[in-house]
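**Student:** A structural model of the following input is requested.
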Amino acid sequence: MLQTLPRSTAQPVVAIEKWCRYWYHWLMASSTKVLDQMRREPGNVRFADLKKVCEAYFGKPRQTGTSHAIFKT
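**Tutor:** Got it, this is the predicted structure:
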């Protein structure tokens, strides 16, 4: 599809597609699916996915709003 679009319109389409994939992945993927993917590809893990799994198993982190998340285990 992107090959048939003129170059000027292809970039916004790609950006919107990446944004939609990110939010779908964040909102819709369950922690068990994410954990299975982490086991299959341990070197390719998003921080958001790791945080989602940790929240599912350990609850909310002690601090929020920063680049660090500390969980009580």
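**Student:** all the helices of this structure, in order from the start?
**Tutor:** Counting by DSSP state H, the chain has helices at residues 7-28, 31-40, 47-58.
**Student:** worst mean pLDDT among the ones you listed?
**Tutor:** Ranked by mean pLDDT, the helices of the chain bottom out at helix 7-28, with a mean of 66.
**Student:** and residue 52, how many neighbours does it have?
**Tutor:** Look at residue 52: counted by other Cβ atoms under 10 Å, it has 18 neighbours. C-beta: built from backbone N, CA, C; applies to glycine.
**Student:** repeat for residue 46
**Tutor:** Residues contacting residue 46 under the criterion other Cβ under 10 Å number 14.
**Student:** ok, residue 36 to residue 51 distance?
**Tutor:** As for residue 36, its distance to residue 51 is 17 Å (criterion: Cβ to Cβ, to the nearest Å).
**Student:** the more surrounded of these two?
**Tutor:** The neighbour comparison of residue 36 against residue 51 (other Cβ under 10 Å) goes to residue 51, with 15 against 11.
**Student:** any idea what sits nearest that one, other than its immediate chain neighbours?
**Tutor:** Leaving aside its chain neighbours, residue 51 sits nearest to residue 69 (5.6 Å; criterion: Cβ to Cβ, 6 or more residues apart in numbering).
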